[in-house]
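Enquirer: Provided below are the primary sequence and the corresponding predicted coordinates.
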Amino acid sequence: MDNLITFSITVFTAFFAITNPISNMTVFVSLTEGADVKTKRDINKRSNLIAFAIVTIFVLLGKYIFELFNISIPAFKITGGILIFYIGFEMLQSKKSNVKNIKNVHIDENIAVSPLAIPILAGPGTIVTAMNFVSNAEAIHIILVILIFGSMSLLTFFTFRLSDLIVNIVGHNVISVIGKIMGLIIAIIGTGMVIQGIKLSFNLITA
């Protein structure tokens, strides 16, 4: 029992560090700027459901998916890192990119799926972390990983749901500054993933 508690705490801490709901709230606010309340709620619900589904699928079938499409962990990290860097760079520049433009676009095919669900909520770091926890693990560990990420998705959902209230309390200027800081942090995380992927490719570190 003690081992399961320790395992659960470790998994929760790792997921929280990667999918930090507070940090990602500034990303959500930036990406949904100008959208009405109903659209924001729809985007929030869909993005978290999609992220949870993606991580669950990779936890259960990730090894076989990678083998089926001949995907390597280094390639996965490098590609995901580039995507995350691109998003962070645009946040720093305060640009409205095509992936962030929600006008006249079906949200299922745009912002809810990318970049929110992928790669912000269920990016390479999240997926690889989840897969690492269930590699050679027993069924109980797999169930715990899925449940813990589900709790993180729920926490993220409520954080996004209250984002307008939090913004009203804190102020748009502060949120704007935080958004730029988060853009820098996200870009750095993306760069780190690329570097780690390159190191893995040349066997400079172990997977």
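Expert: It's in.
Enquirer: C-alpha from now on. contacts and neighbour counts both.
Expert: Fine.
Enquirer: got a list of what the residue positioned nearest the centre of the chain touches?
Expert: Most central in the chain under CA atoms, centre = their mean is Leu121, positioned 2.1 Å from the mean C-alpha point. Leu121 makes contacts with 19, 47-48, 51, as judged by CA atoms under 8 Å, 6 or more residues apart in numbering.
Enquirer: before we move on, what about Asn48?
Expert: 117, 121, 153-154, 156-157.
Enquirer: Which secondary structure element is home to it?
Expert: Using DSSP states H and E, Asn48 maps to helix 37-68.
Enquirer: What distance do you get for Asn173 to Met193?
Expert: Using CA to CA, to the nearest Å, one gets 30 Å for the distance from Asn173 to Met193.
Enquirer: Same drill for the two, tell me which one is more crowded.
Expert: Neighbour tally, Asn173 and Met193, criterion other CA atoms under 10 Å: the higher count belongs to Met193, 24 against 10.
Enquirer: mind listing the helices in the chain by residue range?
Expert: Ranges of helices in the chain, per DSSP state H, are 2-18, 21-31, 37-68, 73-93, 124-134, 139-161, 163-170, 172-201.
Enquirer: Any idea which of those helices gets closest to Val113?
Expert: Closest approach to Val113 among the helices of the chain is made by helix 37-68 (5.9 Å; CA to CA).
Enquirer: so the closest one versus helix 73-93, what angle?
Expert: Put simply, helix 37-68 runs at 160 degrees to helix 73-93, going by axes from the mean of the first three to the mean of the last three CA atoms, to 10 degrees.
Enquirer: just the contacts of Asn48 now: which is nearest Glu138?
Expert: For the contacts of Asn48, the residue nearest Glu138 by CA to CA is Ser153; the value is 23.1 Å.
Enquirer: What residues of the helix holding Asn48 count as buried?
Expert: By neighbour count, with 16 or more other CA atoms under 10 Å as the criterion, the buried positions of helix 37-68 are 40, 43-56, 58-60, 62.
Enquirer: Let me know the angle separating that helix from helix 21-31.
Expert: Using the same axes, to 10 degrees: helix 37-68 against helix 21-31 is 110 degrees.
Enquirer: and helix 37-68, what's its mean pLDDT?
Expert: Average pLDDT, helix 37-68: 89.
Enquirer: go on, stretch 151-167?
Expert: Mean pLDDT, stretch 151-167: 91.
Enquirer: Then stretch 76-90?
Expert: Rounded mean pLDDT across stretch 76-90 is 79.
Enquirer: mind exporting it as CSV, just the C-alpha atoms?
Expert: Output in CSV follows, covering the C-alpha atoms of stretch 76-90 (Å, rounded to 0.1, in the frame of the first residue of the first chain):
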residue,chain,number,x,y,z
PHE,A,76,8.6,12.4,-30.9
LYS,A,77,10.4,14.8,-28.6
ILE,A,78,12.0,16.8,-31.3
THR,A,79,8.8,17.3,-33.3
GLY,A,80,6.8,18.1,-30.1
GLY,A,81,9.5,20.5,-29.0
ILE,A,82,9.4,22.4,-32.2
LEU,A,83,5.6,22.7,-32.0
ILE,A,84,5.8,24.0,-28.4
PHE,A,85,8.6,26.4,-29.2
TYR,A,86,6.5,27.8,-32.1
ILE,A,87,3.5,28.4,-29.8
GLY,A,88,5.7,30.1,-27.1
PHE,A,89,7.4,32.3,-29.7
GLU,A,90,4.1,33.5,-31.0
